[in-house]
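S.K.: any chance you can model this:
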Amino acid sequence: MGASVGIGGLIVGISMLVVFSMAYQSINAQIESGIERIDGAENPIPTFTIDNAVVWEGAVVNVTVSSVGTNYNGGGTVSASGATGSGFSATYTTSSGGVASITILTPGNYTSNPTISISGDGDGNAVFTVTRGQYIYANLTNTGSSEIAFESIWISVDGDTLTQMSSIHSSMIADTLVSYDRSSIPSTNWYTGETLYLQWNDVGASTNPTRMSLTVGETTLGTNLG
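M.R.: Okay, here's the model as predicted:
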């Protein structure tokens, strides 16, 4: 009788340990799941859209001064003519009465090299040499709930080498590689709800590119170039 009671108690004790063990594992699983949900809330998956993207094959990517002219003081207007296309705009600087440099604001798109001239200033004898190339335009919107650092954004064209957005952003003034319509507010982050206006002429080795992609972390989004 005593042995039976002892064995019964042992069985009950083991059963209770099993129950406690299962309860402990269940609580641990719930805690881990809760921590994962908290971590996920603190680090949400980035979401964004490529609203549109086009490539212009005949963009004016560089204008150099061949003849500086005289009597220029910086009060004129730069224009492009003599070729089929549109969209070019630029500013210029002067030195000792001559045109020193041309800074492209928008490269436009032309079937042949346009003639660049300055009206309303100088003697009209400044001469410029034009170089055309490929330019990609795109509107990109951060549709997620948190800002994204430029250093974590990568761009690729036709599967070519990835280019880090932060390197493009930091050199955009010097190399005119990319610009953002950000009301001239400098930043290293892409804010939630913000649309970036991308102008990019460093499209890698691809000629006649057809597709571009944007990668942030494990998220990659691609689109055909119009």
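
S.K.: would you map out the domains in this protein?
M.R.: 1-43, 48-56+134-224, 60-131 (automatic domain parsing).

S.K.: would you single out the least confident of these?
M.R.: Set side by side, the domains of the chain differ in mean pLDDT, and domain 1-43 is lowest with a mean of 53.

S.K.: sheet-wise, list the partners of whichever strand in the chain runs longest with their directions.
M.R.: Longest strand in the chain by number of residues (criterion: DSSP state E): strand 48-67. Each strand paired with strand 48-67, and its direction, by DSSP bridges: strand 127-142 (antiparallel).

S.K.: can you give me the buried ones in the strand it pairs with?
M.R.: 128, 130, 132, 134-138, 140-142 (16 or more other CB atoms under 10 Å). Just so you know, the C-beta spots here come from the backbone N, C-alpha and C atoms, and that holds for glycine as well.

S.K.: ditto for stretch 147-164
M.R.: For stretch 147-164, by 16+ other CB under 10 Å, it's 148, 150, 153-158, 163.

S.K.: do the same with stretch 219-226
M.R.: L225.

S.K.: now do the strands in the chain.
M.R.: 48-67, 77-81, 85-95, 98-110, 115-119, 127-142, 148-149, 153-157, 163-164, 189-190, 195-200, 211-216, 219-224.

S.K.: give the pairing partners of the last one; include direction for each.
M.R.: Based on DSSP bridges, the strands next to strand 219-224 in the sheet, each with its direction, are strand 211-216 (antiparallel).

S.K.: make sure Q134 is actually in contact with V55.
M.R.: Yes - using CB atoms under 8 Å as the test, Q134 is close enough to V55 to be in contact (6.0 Å).

S.K.: so who does I104 touch?
M.R.: 60-63, 88-90, 176 (CB atoms under 8 Å, 6 or more residues apart in numbering).

S.K.: how about G85?
M.R.: Neighbours of G85 in contact, by CB under 8 Å, 6+ apart: 58, 108-111, 114.
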